[in-house]
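>>> dropping the sequence and predicted coords here.
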Amino acid sequence: MAIKGGNRNTAKLLMERSVPGRMGSVLPGLDVPPHPLPAAALLRDDLPLPEVSEPEVVQYFTGLSQLNYSIDTHFYPLGSCTMKYNPKINDEVSFLPGFAGIHPLQPAEVSQGALELLYRLQEFLREITGMAGTSLATLAGAHGELAGVLMMRAYHQARGDTARRKMAIPDSAHGTNPASAAMAGFEVVTLRSDASGNVDLNALHELAGPDLAGVMITLPSTLGLFDTQIVEVCRVVHQAGGLVYGDGANMNALVGRAKLGHLGFDVVHLNLHKTFSTPHGGGGPGAGPVCCGETLLPYLAAPVVVQDSDGTYRLTAPEHSIGKVSGFHGNFGVLVRAYTYIRTLGEAGIRAISGNAVLNANYILEKLKDIYHLPYDRRCMHEVVFSADWHKARGVSGLEIAKRLLDYGFYAPTMYFPLIVPEALMIEPTESETRETLDAFIQALRDIDREIADNPEQVRQAPHTTPVTRLDEARAARQPDLRWRP
Ligand SMILES: *Cc1c(COP(=O)(O)O)cnc(C)c1O
């Protein structure tokens, strides 16, 4: 595959720069007795390695590392799964030798500092969600969901309430929700949204019977909306004997202001790699802690850290725990980052996150809704979902608008999700971007709208400036071509 962008020193593959005899390093002279070579059958006659200078190697790989968009190089408005602000201090703290070098099998006596950090983080997250207990052992959002629904199942089973097989999930939900419920053995039923984007209460009443195990609700919903009837939703489910699961992957609209536990949720997972600042992407390490209310406390995933009356910390399992959900105690490095983030911000800082996240998203909403169709015209939370259906009618799709944004130096928004919005463009500015960045992004989307009128081909053929243009995305992910062949 040819790569554009010669200015970044990647246009020519390393192998193609090879010049016979050129060297990047010089080996020291032999000062030990030579060792006889292995049998000839084990040796290769020829090993085609690039013969290049050291600066060429450095320029080539540095160039490659800069081909991707990242939060350290670009504004990243990807909705729902945004890589949020990741202060570098978090990394520094997690690299401290006492944290980085610790082994999970070290006895508690010599791990008191690490256990104290985990304990305090459990307490912070419990407080932030308004719950009764926290387990940090789950390694991703979807993993937290699975643990949470297994806890719901354990609760119903302990009461002999085995007819509760149905898990109701809104049609706007993230795909992991139905997957987790199905993995835990539940039958997934779809819960309609109403015209304003809230859970349809009539639909909920129809499902709220003796076979309902619970509902899984994302708040704010993936439409970026706060369900104004959420307290009633929880009441209806509880009255029918069910439990309410909260998908708290993206909590930066609520932190410091609203607590899911106080609204009626029984269990919630958080994505530390979305809301609590761990770099997110490339499938790297994450953490999806589960927080639960009193009802589910005995079933909480193990291990949890407790503090004894003499002040020491130890790991334990709640009485009827669903058991261990990962090898050890969670992704410790991620947990250290989240702890550092919360401690650095403090209560006022945490509250400022949600204030700014919601303000920034609504700023974009107001500045664009005259030219980008806003299917749910109400105040949004941390993200705003537009539809490009007006543009589609003019011959340019949401995908093409997103691709054109790359030419303007912005990463693309989330596209075509949630599924109930045709041509969805889901934009999440995050709490940490400046007014100037938001204005430039808004201007880019206005300029693209103008281009669609004046020169639609320009948009349809985009991107024009990226190293590669339109990929077969599924094939690129499943059959990556990573080998150089002469
Ligand atoms: C990202 C996300 C998840 C899943 O989190 P992973 O860590 O990717 O497993 C679940 N729900 C919502 C709403 C999300 O945005």
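Received it, and whenever you're ready, just let me know what you need. Numbers count the residues shown, from 1 in each chain.
>>> state the pLDDT value of whichever residue of the stretch 101-250 of the chain sits closest to the ligand.
Across the stretch 101-250 of the chain, no residue is closer to the ligand than residue 141, which sits at 2.3 Å (Cβ to the nearest ligand atom). The way it works is simple: take the backbone N, C-alpha and C, and place the C-beta from them, glycine included. The per-residue pLDDT reported for residue 141 equals 95.
>>> got the phi and psi for residue 65?
The main-chain torsion angles of residue 65 are listed as degrees, to the nearest 10 and equal phi -70, psi -20.
>>> again but with residue 268, I slipped
Dihedral angles (degrees, to the nearest 10) for residue 268: phi -150, psi 150.
>>> which non-adjacent residue is nearest it?
residue 246 (3.6 Å; Cβ to Cβ, 6 or more residues apart in numbering).
>>> residue ranges of each domain in the chain, please.
88-344, 347-476 (automatic domain parsing).
>>> residues of this protein that sit close to the ligand?
80-81, 140-142, 174, 176, 218, 222, 247, 249-250, 271, 286, 288 (Cβ under 6 Å from any ligand atom).
>>> where does pLDDT dip in the stretch 251-400 of the chain?
Of all residues in the stretch 251-400 of the chain, those with pLDDT under 70 make up the ranges 281-283.
>>> if we use 80, what do you get?
Of all residues in the stretch 251-400 of the chain, those with pLDDT under 80 make up the ranges 279-284.
>>> what segments of it are helices?
Listed in chain order, the helices found in the stretch 251-400 of the chain under DSSP state H, counting those that start in this stretch are 260-263, 272-275, 332-368, 389-393, 398-407.
>>> which other helices and strands does the second one contact?
Judged by 3 or more Cβ pairs under 8 Å, 6 or more residues apart in numbering; DSSP states H and E, the packing partners of helix 272-275 are helix 332-368.
>>> can you report how many residues lie near the residue of the stretch 101-250 of the chain closest to the ligand?
The burial metric for residue 141, expressed as a neighbour count using other Cβ atoms under 10 Å, is 27.
>>> who are the contact partners of it?
Contacts were defined as Cβ atoms under 8 Å, 6 or more residues apart in numbering; by that measure residue 141 touches 176, 247, 249, 269, 271, 274, 286, 288.
>>> tell me the phi and psi of the closest residue in space to the last one that isn't next to it in sequence?
Excluding its sequence neighbours, the residue lying closest to residue 288 (Cβ to Cβ, 6+ apart) is residue 144, at 3.1 Å. Dihedral angles phi and psi of residue 144 (degrees, to the nearest 10) take the values phi -60, psi -40.
>>> now do residue 222
Per-residue torsions, residue 222: phi -70, psi 0 (degrees, to the nearest 10).
>>> mind checking what secondary structure the residue nearest to it when sequence neighbours are not counted has?
Take residue 222 and drop its neighbours on the chain: the residue closest to it by Cβ to Cβ, 6+ apart is residue 418, 4.4 Å away. Recorded secondary structure, residue 418: coil (DSSP: H, G, I helix; E, B strand; the rest coil).
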